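>>> Fold the stuff below for me.
(chains A, B and C)
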Amino acid sequence: MTRPTKARLTIALALAALTTLPGCSGGSKTDGSTLLNVSYDPTRELYRGINAAFIADWKAKTGKPLSIRMSHGGSGKQARSVADGLEADVVTLALAYDIDILADRKLLAQDWQAKLPDHSAPYYSTIVFLVRKGNPKKIRDWADLVKPGVSVITPNPKTSGGARWNYLAAWGYGRQAGGSDAAARDYVTRLYKNVPVLDSGARGSTTTFAERGLGDVLLAWENEAMLARDEMGRGKFDIVVPSVSILAEPPVAVVDANAQRHGTAAVSKAYLEFLYTPAAQDLIAKAHYRPRDPQVAARYASKFPQTKLLTIDGDFGGWRKAQATHFADGGTFDAIYRPTGR
Amino acid sequence: MTRAKRSVLPGFGLTLGLTLAYLSIVVLIPLSTVFLKSAGMGPADFARVAFSERAVAAYRLSFGAALAAAAVNAVFGMLVAWVLVRYRFIGRRFVSAIVDLPFALPTAVAGIALTALWAADGWIGQYLAPLGIKVAYTSLGVTIALVFVGLPFVVRSVEPVLEDVGRDLEEAAASLGAGRFTIFRRVILPAIGPALLTGFALAFARGVGEYGSVIFIAGNLPYKTEIAPLLIVTQLEQYDYAGATAIATVMLLLAFAMLLAVNLTQVWRRRRMER
Amino acid sequence: MTRAALIAAALAFLGLFVLMPFVAVFVEAFREGVPTYLAQLAEPDAMAAMRLTLIVAAISVPANIVFGIVAAWCITKFEFRGKGLLITLIDLPFSVSPVVAGLIYVLLFGINGWFGPWLQANGVEIIFAVPGIVLATIFVTFPFVARELIPLMAEQGRDDEEAAISLGATGWQTFWHVTLPNIRWGLLYGVLLCNARAMGEFGAVSVVSGHIRGLTNTMPLHVEILYTEYNFVGAFAVASLLAVLALVTLVVKTLLEWRYGDQIQGIGH
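Next comes the predicted model:
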């Protein structure tokens, strides 16, 4: 074999290797009969029920079969996947900021949040305290969390969307109690001094608190706290609703660019609108999220105690501002951990 | 790269070509995205992200814990390899099999299982807690996770060489009156030294980048128990891909320098021996 | 005395650091009894995850076997400048954080990546689909076979091959009849490690998978999902199955060693 032939063979083999690797793909979901809902971790139970109900409803109305695929993961990571090309028809995430990012990438309109009622959040929740049975440390409100000897479990706001709600709820309390942002900052700093572990996600924190037995109180979404109470041993935990908390709105949206390409724009829209129907609202309340429908809410009034709820838009100037002020590099959260003397 | 010495064996061009082609497609081209992405941010921004006080603390933890874990593995991995090669005992094959298990268990599962064991109320942790030793959520916990992850590298590097060394030399040394320790230091260690170093380097390299098994057992507190790969994830969560790749670049270069040093030593040593 | 002490020390170390986590996995998996364990494995999503994991391993392991042999031949049978660098580049994937290993494919094939727009225009799916998972797995398991073969083949030198060539054998014949028999145990070993890691990889695959249930979830990803759903028994059941799969390959190796034991003794010396 002469040298040039060898070189040519080498190139040919390399090219063959290159083409066989990605060659085995198939665009399987472009016929409009499959929806991909990219969601965050805690919604699995919820959408299992919703999907079955909607598929039956859609079949009855249009006669067309439909299958719905689910993807669950951390909210930020899921948003990133969609931004990088995951073919989601709809996204149902933990906070509006993650969907704003998709709007920045032109995957959906900047005014996406105005397209559905209630800021495109068909269900809401709030931040509550999960404490050990009988509440041995007598934790009643935010002020009790910064007492010496109280150990607080909350995930890392830098990596967990849920943790950002926790942080802002604490900030809101601190500002209300002390009357200023400086007081809020001081309160939050003292609070995080009582945090021994910052798990990377909300579910990790729940496990740390419930399974590892670490901490006296877990800051969690109400639906997460109720689920943990039910799933991880009934009678082991109590839920405490603080005097003030935050309105946590996990929003939903159609990813227009993808849905149009897949021919699923109409069914995606119908799917999200279905979330506001009384039937879906009932499933929502059963899955521990607070329903929007007044009649359904009235039925579950005893399950969801009323408390004063701050809002992201009203009290923190929207997610983009909150993100930049508190959670971006050099924000107030980083300042808490900056070593003293700087 | 040029051919330095004529060989009668065929296939140099073909194998080198294929190796470089596959290496480029699978490793080099994908990895180059990291450098190009981070290069796009300018030196000042790069330094701000990659050499912030917090990032430096994280490198120190990641590299320190990986070094400690690799050292533990070098000692105990050598011991395990020695026992597996030199002694016949009941269950030896089973023991040999479980050495590889850290490769097979998904890292996240390993992290969860390790945390369950070493937490203050865990199977092992409960006996350490009264002594005032905290493992989970400290840098000690990080090290333990990395010991788990890196062990097979050392055992599997040392084992074949140890098998090759044979006992003749040792027996000869013993018959000349050398003590056990002398034999180990003068005869065995030089023979397995290179393999041990390779195993150490691989275990170290793997430990530096490890994420899944560490994240559950590290407390993730900034400046204290925050590992460098977590900072990459943190940057990604802010949709700052350039910042993420900046930290990745620093880690990659450090690990690369370290592996290169070890491999060059090996190549030089082999050349010297062949002459 | 020394012998017993050394064995005891080695076993204690392995027991504490390696065996215990595994025992913990199995204890958790069977906490609610065998029927629950089996029911968890028979779940359609779990079955889909197993199928995907096997497919991914079946593609990525052979690719790395071929590369490993080719690279080891090149590195050990010839002298050339830059060899240390080449070996280091082969080692490199070990040192790349799994988080980054996934990210690089997103930067390449993601919609905002180098090839993303072209891929989308042509309807080719790489990331968030099976090819992306295969690529990430190949990257992570890339060094295993080569790394296992290089020291072995270096140790064996090239005398046997040179003799064969001088006797008139072609390159292929030499490789097939001289080299391969000499390295087959090392090769088998590398393949087993490569396979174990290919099936167990979590971090890199997690970034490129998209986590679509029943479609792009591999077994390790499915384990994580079950775990975050507080289905601990299910999570550990699937994890234990991964451990068993690794053990099966190790049993195969042990059987082969036992069956061909005399031949191993014969080679290499």
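
>>> Leaving out chain neighbours, which residue sits closest to residue 78?
Defaulting to chain A. In space, A:Gln78 comes closest to A:Val38 once its chain neighbours are excluded; the distance is 5.2 Å by C-beta to C-beta, 6 or more residues apart in numbering or on different chains. Using the backbone N, CA and C atoms, a C-beta is placed for each residue, glycine as well.

>>> Please refer instead to chain B.
Per C-beta to C-beta, 6+ apart, closest to B:Met78 is B:Val158, 5.6 Å.

>>> May I see the buried residues of the strand or helix carrying that neighbour?
Element membership of B:Val158 [criterion: DSSP states H and E] is helix B:139-165. Within helix B:139-165, the residues scored as buried using 16 or more other C-beta atoms under 10 Å in any protein chain shown are B:139-162, B:164.

>>> Next, give phi and psi for residue 128.
If you meant another chain, say so; for now it's chain A. The phi/psi pair for A:Val128 (degrees, to the nearest 10) reads phi -130, psi 180.

>>> What's opposite it in the beta bridge?
Using DSSP bridges, the bridge partners assigned to A:Val128 are A:Ala220.

>>> what's the burial count for the nearest residue to B:Ser7 once chain neighbours are set aside?
Leaving aside its sequence neighbours, B:Ser7 sits nearest to C:Phe78 (C-beta to C-beta, 6+ apart; 5.4 Å). If you count neighbours by other C-beta atoms under 10 Å in any protein chain shown, C:Phe78 ends up with 20.

>>> cool, and B:Val208?
For B:Val208, the count of nearby residues is 28 (other C-beta under 10 Å).

>>> Ok, A:Tyr40 next?
Residues contacting A:Tyr40 under the criterion other C-beta under 10 Å number 26.

>>> Compute the number of surrounding residues for residue 76.
No chain specified, so I'll use chain A. Using other C-beta under 10 Å, the number of residues around A:Gly76 comes to 26.

>>> Let me rephrase: I mean chain B.
21.

>>> now C:Val207
For C:Val207, the number of neighbouring residues by other C-beta under 10 Å comes to 26.

>>> cool, and the one 3 residues further on?
Using other C-beta under 10 Å, the number of residues around C:Gly210 comes to 29.

>>> which residues does the closest residue to it other than its chain neighbours contact?
Take C:Gly210 and drop its neighbours on the chain: the residue closest to it by C-beta to C-beta, 6+ apart is C:Phe128, 3.4 Å away. C:Phe128 is in contact with A:Ser81, A:Asp84, A:Gly85, A:Leu86, A:Glu87, C:Val208, C:Ser209, C:Gly210, C:Ile212, C:Thr216, counting by C-beta atoms under 8 Å, 6 or more residues apart in numbering or on different chains.

>>> Which single one of these is nearest to C:Asn182?
C:Val208 (37.6 Å; C-beta to C-beta).

>>> Just the element for the spatially closest residue to the closest one that is not a sequence neighbour, please.
The shortest distance from C:Val208 to any non-neighbouring residue, by C-beta to C-beta, 6+ apart, is to C:Gly132 (4.0 Å). Using DSSP H and E, C:Gly132 falls within helix C:130-141.

>>> isn't the residue nearest to B:Ser7 right up against B:Gly13?
No - C:Phe78 is not in contact with B:Gly13 according to C-beta atoms under 8 Å; the separation is 9.9 Å.

>>> where does C:Leu226 land on pLDDT?
pLDDT, C:Leu226: 87.

>>> what's in contact with the host helix or strand of C:Ile90?
Following DSSP H and E, one finds C:Ile90 within helix C:83-95. Contact partners of helix C:83-95, identified using C-beta under 8 Å, 6+ apart, comprise B:1, B:19, B:23, B:27-28, B:31, B:201-202, B:205-206, B:208-209, B:252, B:255-256, B:259-260, B:263-264, B:266-268, C:71, C:75, C:101, C:139-140, C:142-143, C:146-147, C:150.

>>> repeat that for 7 Å
Contact partners of helix C:83-95, identified using C-beta atoms under 7 Å, 6 or more residues apart in numbering or on different chains, comprise B:23, B:27, B:202, B:205-206, B:208-209, B:255-256, B:259-260, B:263-264, B:267, C:71, C:75, C:139-140, C:142-143, C:146-147, C:150.

>>> Can I get the helix or strand where the residue nearest to A:Gln78 lies in CSV, CA atoms only?
According to DSSP H and E, A:Val38 maps onto strand A:34-39. Extracted C-alpha coordinates of strand A:34-39, given in CSV (Å, rounded to 0.1, in the frame of the first residue of the first chain):
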residue,chain,number,x,y,z
THR,A,34,-47.7,14.0,20.6
LEU,A,35,-47.1,16.8,23.1
LEU,A,36,-44.0,17.2,25.1
ASN,A,37,-44.5,19.0,28.4
VAL,A,38,-41.2,20.0,30.0
SER,A,39,-41.8,20.5,33.7
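
>>> Who are the packing partners of that strand?
Packing partners of strand A:34-39 (3 or more C-beta pairs under 7 Å, 6 or more residues apart in numbering or on different chains; DSSP states H and E): strand A:67-71, helix A:75-83, strand A:90-92, helix A:265-274.

>>> give me that answer again for 8 Å
Contact partners of strand A:34-39 among helices and strands, from 3 or more C-beta pairs under 8 Å, 6 or more residues apart in numbering or on different chains; DSSP states H and E: helix A:44-62, strand A:67-71, helix A:75-83, strand A:90-92, helix A:265-274.

>>> okay if I get these as TSV plus mean pLDDT?
Converted to TSV, these look like this (pLDDT from 0 to 100):
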stretch	mean pLDDT
helix A:44-62	94
strand A:67-71	94
helix A:75-83	92
strand A:90-92	97
helix A:265-274	96
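
>>> With respect to C:Ile65, which of the ones you listed lies nearest?
For C:Ile65, the closest of the helices and strands packed on strand A:34-39 is helix A:75-83, at 31.2 Å, according to C-beta to C-beta.

>>> could you check the angle strand A:67-71 makes with that closest one?
Interaxial angle of helix A:75-83 relative to strand A:67-71 (axes from the mean of the first three to the mean of the last three C-alpha atoms, to 10 degrees): 120 degrees.

>>> can you tell me which residues contact A:Arg185?
Neighbour list for A:Arg185: A:Trp171, A:Gly174, A:Thr332, A:Ala335 [criterion: C-beta under 8 Å, 6+ apart].

>>> and the strand or helix carrying the second one, what does it pack onto?
By that I understand A:Gly174. Secondary structure assignment for A:Gly174, by DSSP H and E: helix A:161-178. If contacts are counted by 3+ C-beta pairs under 8 Å, 6+ apart, helix A:161-178 sits against helix A:75-83, strand A:123-132, helix A:181-193, helix A:202-210, strand A:217-221, strand A:244-248, strand A:308-310, helix A:312-316.

>>> Give the buried residues for that helix.
For helix A:161-178, by 16+ other C-beta under 10 Å, it's A:161-176.

>>> okay, and for the chain, where does confidence drop off?
No chain was given, so I picked chain A. Regions of chain A meeting the criterion pLDDT under 70 cover residues A:1-31, A:340-342.

>>> looking at chain B here, not the other one
For chain B, the stretches with pLDDT under 70 are B:1-6, B:166, B:274-275.

>>> Since that was my last question, I'll sign off now.
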